[in-house]
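J.: Sharing a sequence plus its predicted fold:
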Amino acid sequence: MKPTEELSHEHQAILKMIGILGKMADRLEARTSVDPDDLDRAVDFIRVFADKCHHAKEEGHLFPEMEKAGIPRERGPIGVMLADHVEGRKHVAAMAGAIPGIRKGDRKASAAFAAAARGYGQLLTGHIFKEDHILYPMADARLTPGQQSSLEACFIDVEKNVVGEGKHEEFHLLLERLEKAFSA
Ligand SMILES: [Fe+2]
Ligand SMILES: [Fe+2]
């Protein structure tokens with residue numbers, strides 16, 4: 001699999017979790033109870049799968065290789081993507097910060113989680129579209145075969161040493177379970 005194909009594949013998993021977060025937000029706004037442990041698990045997925053794994057592959061490896069290939073970081077698409085990642089982390093921090101209040105039955109905390117989840121979903125859906133349709137095709141066209149294979153090796157290293165073996169599979173099982181639980 002090409003490095004950008006692997007990243008696009010991960011986008012599909014992130015979009016699934018965004019769908020689940022939307023359902024969680026609906027239930028919180030309708031004052032239907034949501035297991036706070038599931039909210040914790042969803043936030044953990046975003047922090048580890050989306051940020052620590054996926055964004056680390058982009059920020060630590062793909063974007064630097066694109067810069068080496070002559071695509072500018074400042075005033076260019078890479079800068080926009082990095083700014084989106086920073087913005088996304090603020091929404092995730094707001095979601096995580098609301099969970100203790102939700103555990104205590106605080107309605108304001110439920111509303112805060114729902115707003116942050118929707119903000120994150122909107123931001124990342126646009127971000128993923130831009131990467132899949134603009135940035136990754138640019139990388140595919142500009143990166144040399146040597147750069148592509150060194151990226152593949154770096155991605156394997158991220159999976160093994162940053163995320164941890166078996167964690168990826170664990171997250172896919174979580175996605176399946178939450179999709180079923182929040183399908184209605
Ligand atoms: Fe990104
Ligand atoms: Fe991405």
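T.: Structure's in. What do you need? Ligands and ions are numbered 1, 2, ... in the order given.
J.: pLDDT wise, what is the residue nearest the centre of the chain at?
T.: Nearest residue to the geometric centre of the chain (C-alpha atoms, centre = their mean): Ala50, 3.0 Å. Confidence at Ala50, expressed as pLDDT, is 94.
J.: CA atoms of whichever strand or helix holds Leu174 as PDB?
T.: If you go by DSSP states H and E, Leu174 is part of helix 167-181. These are the backbone C-alpha positions of helix 167-181, laid out as PDB (Å, rounded to 0.1, in the frame of the first residue of the first chain):
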ATOM      1  CA  LYS A 167      -3.600  -1.300  19.500                       C
ATOM      2  CA  HIS A 168      -4.800  -0.700  15.900                       C
ATOM      3  CA  GLU A 169      -6.900  -3.900  16.000                       C
ATOM      4  CA  GLU A 170      -8.300  -3.000  19.400                       C
ATOM      5  CA  PHE A 171      -9.400   0.400  18.000                       C
ATOM      6  CA  HIS A 172     -11.100  -1.300  15.000                       C
ATOM      7  CA  LEU A 173     -13.100  -3.500  17.400                       C
ATOM      8  CA  LEU A 174     -14.000  -0.500  19.500                       C
ATOM      9  CA  LEU A 175     -15.300   1.300  16.300                       C
ATOM     10  CA  GLU A 176     -17.400  -1.700  15.400                       C
ATOM     11  CA  ARG A 177     -18.900  -2.000  18.900                       C
ATOM     12  CA  LEU A 178     -19.700   1.800  19.200                       C
ATOM     13  CA  GLU A 179     -21.100   1.900  15.700                       C
ATOM     14  CA  LYS A 180     -23.600  -0.800  16.700                       C
ATOM     15  CA  ALA A 181     -24.400   0.800  20.000                       C
END
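J.: what stretches of this protein score poorly on pLDDT?
T.: In the predicted model of the chain, no residue satisfies pLDDT under 70.
J.: can you pull out the helices in it?
T.: Secondary structure of the chain (DSSP state H): helices located at 3-29, 36-45, 56-57, 63-68, 77-103, 107-130, 136-142, 145-157, 167-181.
J.: would you list these in CSV and tack on mean neighbour count?
T.: For every residue, glycine as well, the C-beta is placed using N, CA and C. Formatted as CSV, the helices of the chain follow (neighbours: other C-beta atoms under 10 Å):
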stretch, mean neighbour count
helix 3-29, 19
helix 36-45, 18
helix 56-57, 20
helix 63-68, 18
helix 77-103, 17
helix 107-130, 18
helix 136-142, 16
helix 145-157, 14
helix 167-181, 14
